[in-house]
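J.: okay, predicted coordinates and the sequence, questions at the end:
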Amino acid sequence: MATKIYNISIYHYANLAPIRVLGCPADFTFIFQNPKEAAWAFDHNISVAAPVPTGAISNLKTDYEYLGAYGVAASEKVGSVLLYSKSKFSELNHSNKIFLTNQSATSVLLLYILFSERKDIPVITENAYEADAVLVIGDEALTFKDKNKYDHCYDLVTLWHEAFNLPFVFARWLVRKDADVSVKETLLAWLKGLDSRDEELILKSAELEARRLNIPKNKMVQYLQGMRRKLTGSDLAGQDFFLKKAKELAGQFQSWRAKTSGHKPRLSREDDLRLLKDIPLGEVMRLGHEERMKRHPGGLVTYVMDTNPNYTNVCTVECSFCAFHKRRGDEGAYTLSASELAKRVKQAELRGASTVLLQGGLNPSIKLEQILNYIRTIKKHSPKIHIHPLSPSEIDYLGKLEGKSAEYILKTLWNEGIHTMPGGGAEILVDQVRKVISPRKCSATRWLEIMEIAHQIGYKTTATMMYGHVETPEDIVDHLLALRESQDKTGGYSSFIAWSFKPGNSLLGQKVSFPAHPAFYIRLVAVARLILDNFDHIQSSWFSESANAGCLGLMAGADDFGGVLVEESVLKTTGHGRKTTVNQVKTLIRQSGFTPARRDSNYQIMEFSKE
């Protein structure tokens, strides 16, 4: 029986970098989320502990306990909750408009409380061009590029301290009240590691975060030293006062948030199609890159060292685009034993792989127990490698084989320590297309349903697209819109990855003999960045397309360069085989004007490139 693994929600922002460097206790694992996601996961019993934003604590439905006096607090300034304004703060009134970029509920509530002391409050706008002031928070505040457009800059913690002579608490570490006593004791002992190691952890994490955000190390050290992770009595008094004010002003605050002017709706489907079909490529690339730099201002491009050993090529689905599958009894058909698969993974790990993408054909002889055996055997021989297995199509197929629900399959895998899932099998999420290229696979609706079930459990997943066959531009746009709508519901997708159909040696290739042009790939990367406004990461792949197309994709909105593959078989069977080295990937990233960094499957930086 596998040891139970408990989840700890944690932000990927700089302010919690010392905690990430501290690492999590044995039998616990981090799940990386933004503050809103962390509060939701804690409230829905996905994580046992989390740094819950102060403004979200009173909205929790679950019973909780504070983990000692640990959290995030600052006294007279913080540097990451900034209001840039064309007018003095004291002069802002109902005739002025404020744009809230990457707003957090706690920071916006803090701003409202500060305004409420004057009874004359500016309005919110969603049109940045008409704004007189902009609220910038988190990592974006540390790297904000447009400060020269504004005459004044105010740190909201400074304004809070001046108004009330109290520190401000941004988040508190909470543990679920129904957690075992031993779990609570372990978590508290873990956080107590901050008591004696805080300065050491600040210095270690500052170097990593400064490079990630492309800012001076001393600025990052100063930023992290300006926050307390173990709170004082004054901090707790500041938290109580903030929650009291928030309760008093709750109705007025909600009314203020509802009165938003200059509403800028998302691009329409017609706009999306124009971007994909009509607008000059250079302009679409510019728009995509501009949006990428707003979300990831440090100019970092990540890559991952991974391996894709397919445990079987026997498949009953027989998609027309696939040259990899075999029928049982065919020459060349194979199914690896658990030890054979673990040996391949170990060899890849010794060559630098940190992630294994574990997928194979939909083979009726491989049931859930065999999958669990694969996972356990890999973990036994390579305990540090991240296992990233089974797309929605495979989860759906396993469920049918076992007579179990997708939720059962996913929860069983979750209890084995599997917390991420690849987004393969999406192809084009339009059933009219799927009936032509993969009629035996699950429907588009089912693919999305399984992803959303996974996200509700706590998985982070990727999302993919394979284009360049029988789909239309309208199908591509509908695919992207379906993903965006799904992300609106769950927030569980970490990245989007597109690749073009490779016609070699496949039945579909007999009808679609020419691959999609690389220029369309670059356009698609840019359009994906613009449509998928709720996805953090967009990948541009040197492997699935070409080095040149991959590099241009980085200039069109992508922030990730994919994997340096140690082993890959599926595309190789189409005649599309590419190899590169880590140094070549780093060089390509630098030549594109970015800074390379190696990541893990949770998009956390493992190593910065040495120049």
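T.: Thanks, I have it. Residues are numbered from 1 along each chain as shown.
J.: for the rest of this, base every contact and every neighbour count on C-alpha atoms.
T.: OK.
J.: need phi/psi at Ser393.
T.: The phi/psi pair for Ser393 (degrees, to the nearest 10) reads phi -60, psi -40.
J.: so who does it touch?
T.: Ser393 makes contact with 424-425, 441-442, 447 under the criterion Cα atoms under 8 Å, 6 or more residues apart in numbering.
J.: among the residues you listed, which are in helices?
T.: Among the contacts of Ser393, the residues falling in helices (DSSP state H) are Trp447.
J.: after the helix ranked longest in the chain, which helix or strand is next?
T.: Ranked by residue count, the top helix of the chain under DSSP H comes out as helix 193-213. Sequence order places helix 217-225 as the next helix or strand after helix 193-213, per DSSP states H and E.
J.: for that next one, packing partners?
T.: Applying 3 or more Cα pairs under 8 Å, 6 or more residues apart in numbering; DSSP states H and E, one finds that helix 217-225 makes contact with helix 193-213.
J.: got the angle between the helix it packs on and helix 217-225?
T.: Orientation of helix 193-213 against helix 217-225 (axes from the mean of the first three to the mean of the last three Cα atoms, to 10 degrees) gives an angle of 140 degrees.
J.: before we move on, back to that, buried set for the longest helix of the chain?
T.: Within helix 193-213, the residues that count as buried by 16 or more other Cα atoms under 10 Å are 194, 198, 201-203, 205-213.
J.: what does stretch 466-486 give?
T.: For stretch 466-486, burial by neighbour count (16+ other Cα under 10 Å) applies to 466-471, 475-484, 486.
J.: tell me which helix or strand in this structure has the weakest average pLDDT.
T.: Least confident helix or strand of the chain, by mean pLDDT, DSSP states H and E, is strand 260-261 with a mean of 58.
J.: buried ones in stretch 24-42?
T.: Going by neighbour count (16+ other Cα under 10 Å), the buried part of stretch 24-42 is 24, 28-33, 35-42.
J.: from the residues you listed, which is closest to Leu83?
T.: Pro35 (19.7 Å; Cα to Cα).
J.: pretty sure that closest one sits against Val52.
T.: Yes - with contacts counted by Cα atoms under 8 Å, Pro35 reaches Val52, the gap being 6.9 Å.
J.: quick one: the helices in the stretch 151-300 of the chain?
T.: For the stretch 151-300 of the chain, the helices defined by DSSP state H, counting those that start in this stretch cover 156-164, 181-191, 193-213, 217-225, 233-248, 250-258, 269-277, 281-295.
J.: for the chain, which residue occupies the most central location?
T.: Nearest to the centroid of the C-alpha atoms of the chain, with distances taken as Cα atoms, centre = their mean, sits Ser494, at 3.2 Å.
J.: part of a strand, is that residue?
T.: Yes - under DSSP: H, G, I helix; E, B strand; the rest coil, Ser494 falls within a strand.
J.: OK, contacts around it?
T.: Ser494 is in contact with 460-463, 535-537, 602, counting by Cα under 8 Å, 6+ apart.
J.: which one of the contacts of Ser393 sits in the busiest neighbourhood?
T.: Within those, most neighbours by other Cα atoms under 10 Å means Lys441, with 23 neighbours.
J.: so who does that one touch?
T.: Taking Cα under 8 Å, 6+ apart, we find Lys441 in contact with 317, 393, 434.
J.: now do the strands in the stretch 51-200 of the chain.
T.: 64-74, 81-85, 97-101, 123-125, 133-137, 152-155, 168-176 (DSSP state E, counting those that start in this stretch).
J.: repeat for the stretch 451-600 of the chain
T.: With DSSP E, counting those that start in this stretch, the ranges of strands along the stretch 451-600 of the chain come out as 460-467, 493-500, 537-538, 560-565, 595-599.
J.: to Leu530, which of those lies closest?
T.: strand 537-538 (10.3 Å).
J.: ok, the closest one: who's next to it in the sheet?
T.: strand 493-500 (parallel) (DSSP bridges).
J.: what mean pLDDT would you report for the strand it pairs with?
T.: Strand 493-500 carries an average pLDDT of 95.
J.: for it, the distance to its chain's centre please.
T.: Distance, stretch centre to chain centre, for strand 493-500: 12 Å (Cα atoms, centre = their mean, to the nearest Å).
J.: which residues touch Ile457?
T.: 46, 410-411.
J.: would you mind measuring from it to Val470?
T.: Remark: distance between Ile457 and Val470 (Cα to Cα, to the nearest Å) = 35 Å.
J.: what's the answer for Asn96, then?
T.: Asn96 sits 51 Å away from Val470, going by Cα to Cα.
J.: over to Ala105?
T.: Using Cα to Cα, one gets 44 Å for the distance from Ala105 to Val470.
J.: and Gly282, by the same measure?
T.: 26 Å.
J.: for stretch 68-79, measure first residue to last.
T.: Note: stretch 68-79 ends 26 Å apart using Cα to Cα.
J.: name the nearest residue to Asp195, ignoring sequence neighbours.
T.: Lys230 (7.4 Å; Cα to Cα, 6 or more residues apart in numbering).
J.: beta-bridge partners for that neighbour, please?
T.: If you apply DSSP bridges, the partners that Lys230 bridges to are Tyr70.
J.: Glu65 too?
T.: Listed beta-bridge partners, Glu65: Val175 (assigned using DSSP bridges).
J.: next, count neighbours for it.
T.: Glu65 - counted by other Cα under 10 Å - has 14 other residues nearby.
J.: distance-wise, check it relative to Ile46.
T.: 16 Å.
J.: which one of the contacts of Ser494 is nearest to Leu273?
T.: Among the contacts of Ser494, Phe535 lies closest to Leu273 (Cα to Cα), at 19.4 Å.
J.: doesn't Ile497 make contact with that closest one?
T.: No - look at Phe535 against Ile497 with Cα under 8 Å: they stay out of range, at 11.0 Å.
J.: can you put the contacts of Ser393 in TSV and add pLDDT?
T.: Formatted as TSV, the contacts of Ser393 follow (pLDDT from 0 to 100):
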residue	pLDDT
Gly424	92
Gly425	92
Lys441	92
Cys442	94
Trp447	98
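J.: go through the contacts of Ser393 and flag which are in strands.
T.: Among these, no member falls in strands (DSSP state E).
J.: of the contacts of Ser393, closest to Tyr521?
T.: Proximity of these to Tyr521 (Cα to Cα) peaks at Gly424, which lies at 17.9 Å.
J.: contacting residues around the closest one?
T.: 391-393, 463-465.
J.: quick check, nearest of these to Asp278?
T.: Lowest distance from Asp278 to these (Cα to Cα) belongs to Met465, with 21.1 Å.
J.: who's the closest one bridged to?
T.: Beta bridges link Met465 to Ala498, judged by DSSP bridges.
J.: now do whatever helix or strand Thr302 lives in against strand 595-599, angle only.
T.: Assigned by DSSP H and E, Thr302 belongs to strand 300-307. Here strand 300-307 points in a direction 40 degrees away from that of strand 595-599 (the same axes, to 10 degrees).
J.: strand partners (parallel or antiparallel) of strand 300-307?
T.: Applying DSSP bridges, one finds strand 300-307 paired with strand 355-358 (parallel), strand 560-565 (parallel), strand 595-599 (parallel).
J.: how far does it sit from the chain's center?
T.: On Cα atoms, centre = their mean, the centre of strand 300-307 falls 14 Å from the chain's centre.
J.: sorry, back to before: mind picking the lowest-pLDDT entry from the contacts of Ile457?
T.: Among these, Ile46 has the lowest pLDDT, at 86.
J.: just to be sure, it is in a strand?
T.: No - under three-state DSSP, Ile46 sits outside any strand and is assigned coil.
J.: from memory it sits against Asn7, does it?
T.: Yes - counting by Cα under 8 Å, Ile46 does reach Asn7; the two are 6.9 Å apart.
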